[in-house]
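**Student:** please find the sequence and the predicted model below.
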Amino acid sequence: MTLTDAYQTPLLLIRRKGGVVEALSLYKQWGGYTVVESQKLVFTLKDPKTCFANNQPVRGSIEQNIYCNNFQIKGYFQDKECSILDSRGNVIAQVGVSNEMTETKDLYHVVVKPGIDQAFVVGVIAILDYIHNGSTRC
């Protein structure tokens, strides 16, 4: 999946890591890559496989140490109510339900802390939406 801006300029490429790496892991893994610079890995998101979940949170890491080394999803994304926390536990983005209702697409109300890359936050939300059977397809 490619995340684009309003002008259809690619911002982020999202791919699920599959094959042997995922088969041997306790997690389902996704990566967010830059579209330029030979597709450098920007962040990794790990979702515990169902049989190992035990209410473990979705976790991730940022490869370029731009914001923090690790991040965590706190809350219940299926209800569209969660936060993205940095490694110190500070909220860097808050996801909520949009007041606007549509029949064909999920709308989110997202508040991003100043200085945090919005494409990164939207990429994480897109993966979470996919994980929880939303309208996003990765």
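**Tutor:** Received, thanks. Residues are numbered from 1 along each chain as shown.
**Student:** now do the helices in this protein.
**Tutor:** Ranges of helices within the chain are 19-23, 118-131, based on DSSP state H.
**Student:** least confident of those, on average?
**Tutor:** Among these, helix 19-23 carries the lowest mean pLDDT, at a mean of 62.
**Student:** tell me how many other residues crowd Gly123.
**Tutor:** If you count neighbours by other Cβ atoms under 10 Å, Gly123 ends up with 25. Yep, even glycine has a C-beta here, placed from its N, CA and C like the rest.
**Student:** do the same with Gly89
**Tutor:** Residues near Gly89, counting by other Cβ under 10 Å, number 9.
**Student:** I'd say Arg15 and Val35 touch.
**Tutor:** No - assessed by Cβ atoms under 8 Å, Arg15 is found out of contact with Val35, at 11.9 Å.
**Student:** what segments of the chain are strands?
**Tutor:** Taking DSSP state E as the test, the strands found in the chain are 2-4, 10-17, 27-33, 41-48, 59-62, 70-76, 81-86, 91-97, 108-112.
**Student:** distance to Phe120 added to the ones you listed, as CSV?
**Tutor:** Output for these, formatted as CSV (distance: least, Cβ to Cβ, whole Å):
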stretch, distance to Phe120
strand 2-4, 10
strand 10-17, 7
strand 27-33, 7
strand 41-48, 6
strand 59-62, 8
strand 70-76, 9
strand 81-86, 9
strand 91-97, 9
strand 108-112, 9
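**Student:** dump those strands into a markdown table; add mean neighbour count as well.
**Tutor:** A markdown table is the format used below for these (neighbours: other Cβ atoms under 10 Å):
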| stretch | mean neighbour count |
| --- | --- |
| strand 2-4 | 14 |
| strand 10-17 | 17 |
| strand 27-33 | 21 |
| strand 41-48 | 20 |
| strand 59-62 | 18 |
| strand 70-76 | 17 |
| strand 81-86 | 19 |
| strand 91-97 | 18 |
| strand 108-112 | 14 |
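**Student:** got those as TSV, with distance to Tyr130 and mean pLDDT columns?
**Tutor:** Putting these into TSV (distance: least, Cβ to Cβ, whole Å; pLDDT from 0 to 100) gives the following:
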stretch	distance to Tyr130	mean pLDDT
strand 2-4	12	87
strand 10-17	8	86
strand 27-33	8	82
strand 41-48	10	81
strand 59-62	14	60
strand 70-76	13	83
strand 81-86	15	88
strand 91-97	14	88
strand 108-112	13	87
